[in-house]
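1. Structure for this input, please:
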Amino acid sequence: MNPPPVVADRVLVVDDEPEIVALVAYHLAKAGYRVSTASSGQDAIELARRERPALIVLDLMLPGMSGFDVLESLRAEDQTRDLAVLMLTARREEVDRIRGLSLGADDYLTKPFSPQELVLRVAAILRRVSQPQATSADLLLIGPIKIDRAALAVHVADQPVELTPTEYKLLLTLAERRGRVQGRGHLLETVWDAAPDIQTRTVDMHVQRLRAKLGPAGDLIETVRGFGYRLRSSPSRGA
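-> Prediction:
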């Protein structure tokens, strides 16, 4: 069972198909959200301005103006630009998905859809947008690598990188001591809580996987032969 959402979480459902509106509204209300509905793009924009919902479930194919136009209008206005938007549409083409996400949609779900999945996605988006913004003290920036210690998240060139907890801890350890060589024994103690005299290739294998996941930025992790690893702040001159 998912915990009930905050009472103030209002969701605006925008679709010109009454059956879809009824289905989505029913499941969202059942999950504890307050629900408003609109059947046209212009009505959606006016309701968004007036009610400032926590999230908008937005269809693409609307009368008068498309969901893309609605999203552009929302993102262009100060009072609505930060509203979360989940696009719900029968248009499954990759070009439409890319356009929607590029315009600022937080997620994109295609019809036919599972109402339970939609509710879970709504909850996930609202959890994400409700998290406090990281302060400068929470962020580590090393070249194109950004580590958000508050969110336990890593981005390279603004693209998210999925790391295991161990890989994240390894990268964070190297980043917090960037420029300084970290011996394998020290990394075993710090990352794996292992005795420093254990003979293992665990560190080397994890570094290899970490480099691969970081892509070109993985070259910032330098091997110091016979000792360990160091994270540079910038590529070597020969790179």
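2. which other residues reach the top helix by length along the chain?
-> Looking only at the chain and at elements set by DSSP state H, the helix with the highest residue count is helix 115-130. Helix 115-130 has contacts (C-beta atoms under 8 Å, 6 or more residues apart in numbering) with 2, 5, 9, 11, 23-24, 26-28, 31, 33, 54-55, 57, 82, 84, 86, 88, 106-107, 109. Yep, even glycine has a C-beta here, placed from its N, CA and C like the rest.
3. next one: stretch 156-173
-> So stretch 156-173 is in contact with 140, 144-147, 149, 152-155, 182, 187, 190-192, 203, 206-207, 209-210, 213-215, 217, 231, going by C-beta under 8 Å, 6+ apart.
4. of those, buried ones?
-> The neighbour count (16 or more other C-beta atoms under 10 Å) marks 140, 144-147, 149, 154, 182, 187, 190-192, 203, 206-207, 209-210, 213-214, 217, 231 as buried among the contacts of stretch 156-173.
5. If you count neighbours, what's buried in the following helix or strand past the longest helix of the chain?
-> Beyond helix 115-130 on the C-terminal side, the first helix or strand identified by DSSP states H and E is strand 139-142. By neighbour count on 16+ other C-beta under 10 Å, the buried set for strand 139-142 is 140, 142.
6. Check which strands are paired with strand 139-142 and give the direction for each one.
-> Using DSSP bridges, the strands paired with strand 139-142 in its sheet are strand 145-148 (antiparallel).
7. Beyond the partner strand, next helix or strand please.
-> strand 153-156.
8. quick one: that next one to chain centroid distance?
-> Here strand 153-156 shows a centroid-to-chain-centroid distance of 10 Å under the convention C-alpha atoms, centre = their mean, to the nearest Å.
9. per-residue confidence averaged over that strand?
-> What strand 153-156 shows for mean pLDDT is 92.
10. Okay, now the sheet partners of the following helix or strand past that strand, with direction.
-> Toward the C-terminus, strand 153-156 is succeeded by strand 159-161 as the next helix or strand (DSSP H and E). For strand 159-161, the paired strands and their directions (DSSP bridges) are strand 153-156 (antiparallel).
11. List buried residues within the contacts of helix 115-130.
-> 5, 9, 11, 23-24, 27-28, 31, 33, 54-55, 57, 84, 86, 88, 106-107, 109.
12. Residue ranges in this protein under the pLDDT threshold?
-> Within the chain, the stretches falling below the threshold (pLDDT under 70) are 1-8, 130-137, 194-200, 234-239.
13. Pop the domain breakdown of it in here.
-> For the chain, the structural domains run 10-130, 136-231, going by automatic domain parsing.
14. dump the residue contacts of Arg209.
-> Glu167.
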